[in-house]
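> Predicted coordinates and the sequence they were generated for:
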Protein chains: 2
Amino acid sequence: MSAKVIDGKAIAETLRARIAIEAAKLIKDHGVTPGLTVVIVGDDPASQVYVRSKVKQTAEAGLNSTEHKLPADTSEADLLALIAKLNADPSVHGILVQLPLPKQIDAERVIQAIDPAKDVDGFHPINVGRLNAGLDSLVPCTPQGCVLLAKTIHPDLTGMNAVVLGRSNIVGKPVAALLIQESATVTIAHSKTRDLKQVCRAADLLVVAVGRPEMVKGDWIKPGATVIDVGINRVPGAEGKTRLVGDVDYAEAAEVAGAITPVPGGVGPMTIACLLANTLKAAALAAGHEPPKF
Amino acid sequence: MSAKVIDGKAIAETLRARIAIEAAKLIKDHGVTPGLTVVIVGDDPASQVYVRSKVKQTAEAGLNSTEHKLPADTSEADLLALIAKLNADPSVHGILVQLPLPKQIDAERVIQAIDPAKDVDGFHPINVGRLNAGLDSLVPCTPQGCVLLAKTIHPDLTGMNAVVLGRSNIVGKPVAALLIQESATVTIAHSKTRDLKQVCRAADLLVVAVGRPEMVKGDWIKPGATVIDVGINRVPGAEGKTRLVGDVDYAEAAEVAGAITPVPGGVGPMTIACLLANTLKAAALAAGHEPPKF
């Protein structure tokens, strides 16, 4: 058996094209150009690559894109002052502060300083609370992307036995909240789970977000299950080079699963697409219009 | 086999006694008397009974207790005006609006109008978000009570296979969030779950909050499991009277479980005790002091 590959790159491209159409409508009909501002502190190379992609794809979708690059020794007070300025700027609809932040800055304080209506990462406690309470909110991008990918295989997730491996605030917990909303039966498993392999093997839908290269093996997967791999890990490759792998052993898993996301080209591209969708939504709401559904 | 009965009444009494000691300390050392205000709209008989118990136990623990009874035809604007007044009143540390509210009032709007620092029910989205993000918050009372009861049997819940049956915002979801924090493996099951019986039978810890009288039968329970029954249902009893039963068939379940909460006298008494604990916590925080841990 060989799994269907869930082509996140193509699905994200389609989503971005739909966002571009909706953005153009908002501009034409209402004179509102959605604007995303990315704030990056320091020069972490991975963050820089990621921010470049964000800026490029934002512009390609017809959204305004601005970037604030701050030095690594920026004080928390200076960052908070910038956020206050962006909160007050009506041309900015989405504010994304690239994580991780340097040690002298309390990330939690920064997240809570962002206007919840501009919190396109969906990390502000009020957005977390609204998501968990089943109220409309800005939903974290990667979890949103995971569920959209799962729904390309199973348009209705009702009653499915879903296992989320990982309980982080940025992926595991919000994925679980979204799957509960979709009426799946959801198990949240993690490093303290007894007999993790058996728990995973019971899943019709397995979402893995643990940050451990190729931890989930073929025999952890129920034959025919759908596997969404959130991990992006850089490991030593051939000839002294490095390569990217997920949290799932793709070669083994693809033999057993019914459908699986590759790494790269699975969840990754969806994250930025969902960020653009959130920015568009924030802009529509700020202007008093019904946001498009994706 | 006959299950150990988890005596919620006695455990709640002990907790209230500890709260009384801590409240007396706060009064003596800092001159702060924790104050709880209960707002009740209309004359739902069940709500009235419940509010009477709250008021009585609040006073017994040495906390200030005030009550606002509003007529059933109170407008949303009038209720919101009262909440604004209570938010501004420094003698009020906890505000509880008894649910359900009459139809003309949007409960969600009312909940969101309460100052999160006085939200002793823990239903404000910012408290929901903080709970889910693992930040300190005012935690909903019934879920807190469930976990305290479970911990009388299992002081350490790490790695336990917990199943929460029910996904309401007021019980199921916050119980799941608390159990995740306790490092249990948590499955959230509900009306759409396939083969609910089998899912429940896998649980070492089963928390049931569905509001369906005696739905969970003996053969739904793993031998030796701990069962926390949140349901309080009034059903026809002998001689034309009524009696209270839980969501679990107690007679059957007690033969299989290792430990079980009775109804009444299980989770119920813990809810008010946790409400008092939240009020004390809110009062201590408002006065700038470290709140006691229970």
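Received, thanks. Numbers count the residues shown, from 1 in each chain, chains lettered A, B, ... in the order given.
> Neighbours of residue A:43, how many?
Per other C-beta atoms under 10 Å in any protein chain shown, the neighbour tally for residue A:43 reads 10. For glycine as for every other residue, the C-beta is placed from the backbone atoms N, C-alpha and C.
> so what's it up against?
Residues near residue A:43 by C-beta atoms under 8 Å, 6 or more residues apart in numbering or on different chains: residue A:72.
> Point to the helix or strand of chain A where mean pLDDT is at its lowest.
The helix or strand of chain A with the lowest confidence, counting by mean pLDDT, DSSP states H and E, is helix A:45-60 at a mean of 89.
> Show me which residues of chain A are close to chain B?
Applying C-beta under 8 Å from any C-beta of the partner chain, one finds that chain A approaches chain B through A:108, A:124-130, A:132-135, A:158-159, A:161, A:167, A:169, A:173, A:176-177, A:180, A:183, A:185-190, A:192-194, A:199.
> again, only this time at 6 Å
Counting by C-beta under 6 Å from any C-beta of the partner chain, chain A comes close to chain B at A:125-126, A:128-130, A:132-133, A:158-159, A:167, A:169, A:173, A:180, A:183, A:185-189, A:192-194.
> For the most centrally placed residue in chain A, give me phi and psi.
Closest residue to the average C-alpha location of chain A: residue A:142 at 1.4 Å, with C-alpha atoms, centre = their mean. Dihedral pair for residue A:142: phi -60, psi -50, per degrees, to the nearest 10.
> Show me the strands in the stretch 1-150 of chain A, by range?
Counting by DSSP state E, counting those that start in this stretch, one finds strands in the stretch 1-150 of chain A at the ranges A:4-5, A:35-41, A:64-70, A:94-97.
> State the distance from the residue nearest to the centre of chain A to chain B.
16 Å (C-beta to the nearest C-beta, to the nearest Å).
> Contacts only, for that residue.
By C-beta atoms under 6 Å, 6 or more residues apart in numbering or on different chains, the contact list for residue A:142 reads A:171, A:271.
> shaky segments in the stretch 1-150 of chain A?
In the predicted model, the stretch 1-150 of chain A carries pLDDT under 70 at residues A:1.
> Identify the residues contacting the least confident helix or strand of chain A?
Contacts with helix A:45-60, where a contact means C-beta under 6 Å, 6+ apart, come from A:36, A:38, A:40, A:65, A:67, A:98, A:272.
> Apply 8 Å and report the result again.
A:16, A:20, A:36, A:38, A:40, A:64-65, A:67, A:96, A:98, A:100, A:272-273, A:275-276, A:279.
> cool, and stretch A:278-288?
So stretch A:278-288 is in contact with A:19, A:22-23, A:26, A:30, A:32-36, A:58, A:63, A:90, A:93-94, A:117-118, A:120-122, A:138-139, A:141, A:144, A:290-292, going by C-beta under 8 Å, 6+ apart.
> which of those residues count as buried?
A:19, A:22-23, A:26, A:32, A:34-36, A:58, A:63, A:93-94, A:117-118, A:120-122, A:138-139, A:141, A:144, A:291-292 (16 or more other C-beta atoms under 10 Å in any protein chain shown).
> sorry, back to before: if we only consider the contacts of helix A:45-60, which is nearest to chain B?
Distance to chain B across the contacts of helix A:45-60 (C-beta to the nearest C-beta) is lowest for residue A:100, with 16.4 Å.
> The closest one is in contact with residue A:44, isn't it?
Yes: Residue A:100 is in contact with residue A:44 according to C-beta atoms under 8 Å; the separation is 7.1 Å.
> So these two - more neighbours on which side?
Each of residue A:100 and residue A:44 had its neighbours counted (other C-beta under 10 Å), and the higher figure belongs to residue A:44 (17 against 12).
> Looking at the strands of the stretch 1-150 of chain A, which is nearest to residue A:205?
strand A:4-5 (13.8 Å; C-beta to C-beta).
> how close does residue A:28 sit to residue A:106?
With distances taken as C-beta to C-beta, to the nearest Å, residue A:28 is found 42 Å from residue A:106.
> the more surrounded of these two?
residue A:106 (13 against 9).
> which residues does the more buried one contact?
Applying C-beta under 8 Å, 6+ apart to residue A:106 gives the contacts residue A:76.
> If we use 10 Å, what do you get?
Each residue near residue A:106 by C-beta atoms under 10 Å, 6 or more residues apart in numbering or on different chains is listed here: A:76, A:79, A:80, A:112.
> The residues you listed into CSV, with extra columns for neighbour count?
Output for the contacts of residue A:106, formatted as CSV (neighbours: other C-beta atoms under 10 Å in any protein chain shown):
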residue, neighbour count
A:76, 17
A:79, 23
A:80, 15
A:112, 18
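> and which of those residues is nearest chain B?
Distance to chain B across the contacts of residue A:106 (C-beta to the nearest C-beta) is lowest for residue A:112, with 9.3 Å.
> Do I have it right that the closest one meets residue B:116?
No: using C-beta atoms under 10 Å, residue A:112 is not in contact with residue B:116; the gap is 12.0 Å.
> any common contacting residues for the two?
Common neighbours of residue A:112 and residue B:116 (C-beta under 10 Å, 6+ apart) are A:125, A:126, B:126, B:129, B:130.
> In these, which residue is surrounded by the most others?
residue B:129 (27 neighbours).
> And that residue, how far from chain A?
From residue B:129 to chain A the distance is 3 Å (C-beta to the nearest C-beta).
> What score does the residue of chain A most remote from its centre have for pLDDT?
Residue distances from the centre of chain A (C-alpha atoms, centre = their mean) peak at residue A:239, which lies 32.2 Å from the mean C-alpha position. pLDDT for residue A:239: 92.
> Grab the two from the shared contacts of residue A:112 and residue B:116 that are most spread out in space.
Farthest apart among the shared contacts of residue A:112 and residue B:116 - using C-beta to C-beta - are A:126 and B:130, which lie 9.4 Å from each other.
> Now the common contact residues for those two.
Shared contacts of residue A:126 and residue B:130, defined by C-beta under 10 Å, 6+ apart, comprise A:112, B:116, B:124.
> Go ahead and confirm residue A:38 touches residue A:64.
No: counting by C-beta under 10 Å, residue A:38 stays clear of residue A:64, with 11.6 Å between them.
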